[in-house]
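*Asks:* the following comprises the amino acid sequence and a computationally predicted model.
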Amino acid sequence: MRDFKKLKIWQRSHQLVLLIYKATVKFPKEEIYGLISQIRRSCISIPANIAEGCGRSGEAELNRFMGIAMSSASELEYHLLLAHDLDYLKSKEYEQLVAEVSEIKRMLTAYIKKLRAES
């Protein structure tokens, strides 16, 4: 069992959740059960799956949950694009958030490759 809080990928994805919450507060209130919920859910899923994978036994389980975290990051990337296209996110904020998601995806890819190499 690993301590997820020590993983840089978890720390970075947790910080992204905090940024996403701040960004979505400004969205229209009618999106509270729509896009806001979807963005927050997919974002929270990234560090949550990393944490869950660390709590499982074995590298295969950890690898599987890292893959789920990657899928959530891709989903979040689309939701952010939609929010930008709907003018809920300004270009600068959108670009910052997407850059962070891209970096997290890069880190996840590297971690997944490392896990597979160790198997």
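*Replies:* Arrived safely. This is a predicted model, so every value here is computed, not measured. Numbering: from 1, shown residues only.
*Asks:* how about stretch 75-87: buried residues?
*Replies:* 75-77, 79-80, 83-84 (16 or more other CB atoms under 10 Å). C-beta here means a position set from N, CA and C on the backbone, and glycine is covered the same way.
*Asks:* narrow the residues you listed to those in helices?
*Replies:* 75-77, 79-80, 83-84 (DSSP state H).
*Asks:* and of the residues you listed, the nearest to residue 96?
*Replies:* Of all those, residue 80 has the smallest distance to residue 96: 10.2 Å, by CB to CB.
*Asks:* pretty sure that closest one sits against residue 96.
*Replies:* No. Residue 80 is not in contact with residue 96 according to CB atoms under 8 Å; the separation is 10.2 Å.
*Asks:* identify the contacts common to those two.
*Replies:* Common neighbours of residue 80 and residue 96, counting by CB atoms under 8 Å, 6 or more residues apart in numbering, are absent.
*Asks:* save the buried residues of stretch 75-87 as JSON lines, and put in distance to residue 53 too.
*Replies:* Shown next, in JSON lines, are those (distance: CB to CB, whole Å):
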{"residue": "75", "distance to residue 53": "17"}
{"residue": "76", "distance to residue 53": "18"}
{"residue": "77", "distance to residue 53": "20"}
{"residue": "79", "distance to residue 53": "22"}
{"residue": "80", "distance to residue 53": "24"}
{"residue": "83", "distance to residue 53": "28"}
{"residue": "84", "distance to residue 53": "30"}
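*Asks:* would you list these in JSON lines and tack on distance to residue 59 and pLDDT?
*Replies:* What follows is those, written out as JSON lines (distance: CB to CB, whole Å; pLDDT from 0 to 100):
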{"residue": "75", "distance to residue 59": "25", "pLDDT": "98"}
{"residue": "76", "distance to residue 59": "25", "pLDDT": "98"}
{"residue": "77", "distance to residue 59": "27", "pLDDT": "98"}
{"residue": "79", "distance to residue 59": "30", "pLDDT": "98"}
{"residue": "80", "distance to residue 59": "31", "pLDDT": "98"}
{"residue": "83", "distance to residue 59": "36", "pLDDT": "98"}
{"residue": "84", "distance to residue 59": "37", "pLDDT": "98"}
